[in-house]
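1. I would like to see how this sequence folds:
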Amino acid sequence: TLARRLAVAAASLAGDTPDTHHALLTLSSQLEQDIWRPPGTDGTWNNYPVADGPYVYWKNAHPKILIVDADARRVLRTLTVQGAPLSGTGMTQDGRRLLTLQRDGTLTFWDMATGTPQRLPFRHQVGVGLWLSPDGTKLIRSANGAVTVLESATGRELSRVRGRAAPG
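-> Numbers count the residues shown, from 1 in each chain. Next up is the predicted model:
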């Protein structure tokens, strides 16, 4: 990455000192997203890397999601969210689909290659725990002492486990 190349170049110019070694270790361990951010974003934007894929930048009250190649320092795609502001996002493990949750409970899958949205035919209660399975075929919801597994395409309940209160 650029950060590692810069660290090596700086070390070669500065000479062999303890400070140079420390700077080299610090810079070479930095993620590219910590060094470069897309134009118009700052530390208030949420971001996370996708395994072997792009970075995703989003902000709750902002209608756009940026899909970024931080190593190449460019925005690959901009997704525009219609309707209510974002409440959260999740990515399939292969990085091919992004799930967005809006404050009104709208759930949408986005195809990362094309940017095409597919709104799910059911809503989710914001503030209730929601997780995406690695392959994106299931949603796991935690509410009212129960964990429910839903089919992500339809919202059909696949299983439910009720918990018991711990003895106190």
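2. residue contacts, the most centrally placed residue in the chain?
-> Residue closest to the average C-alpha location in the chain (CA atoms, centre = their mean): Y48, at 4.5 Å. Y48 makes contacts with Y55, V56, M91, as judged by CB atoms under 8 Å, 6 or more residues apart in numbering. Heads up, the C-betas are built off the backbone N, CA and C, glycines and all.
3. what about the second one, distance to A143?
-> Using CB to CB, to the nearest Å, V56 is found at 26 Å from A143.
4. try the last one
-> M91 sits 22 Å away from A143, going by CB to CB.
5. compare these two (neighbour count), which wins?
-> M91 (22 against 13; other CB atoms under 10 Å).
6. my read: the more buried one touches W58, true?
-> No - between M91 and W58 there is no contact, the gap being 11.1 Å when judged by CB atoms under 8 Å.
7. how many residues are close by D135?
-> 12.
8. let me see the contact set for the residue nearest to it when sequence neighbours are not counted.
-> Among residues not flanking D135 along the chain, T92 sits closest, at 6.2 Å (CB to CB, 6 or more residues apart in numbering). By CB under 8 Å, 6+ apart, the contact list for T92 reads L98, L99, L132, P134, D135, G136.
9. just checking: what are the partner strands of whatever helix or strand the second one lives in?
-> Right, L99. Under DSSP states H and E, the secondary-structure element containing L99 is strand 97-102. The pairing partners recorded for strand 97-102 under DSSP bridges are strand 86-91 (antiparallel), strand 106-111 (antiparallel).
10. tell me the buried residues in the last one?
-> By neighbour count, with 16 or more other CB atoms under 10 Å as the criterion, the buried positions of strand 106-111 are T106, L107, T108, F109, W110.
11. quick one: the fourth one and D71, what's the gap?
-> The one in question is F109. Applying CB to CB to F109 and D71 gives a distance of 26 Å.
12. and for the third one?
-> As defined by CB to CB, T108 lies at a distance of 28 Å from D71.
13. equivalent analysis for M91, please.
-> 18 Å.
14. for I140, same thing?
-> 32 Å.
15. wouldn't G95 be in contact with D111 here?
-> No - the criterion here is CB under 8 Å, and G95 misses it with D111 at 11.3 Å.
16. show the model's pLDDT score for V8.
-> On pLDDT, V8 comes in at 63.
17. residue boundaries of the strands in this structure?
-> 46-49, 55-58, 64-69, 74-80, 86-91, 97-102, 106-111, 117-123, 129-132, 138-143, 146-151, 157-162 (DSSP state E).
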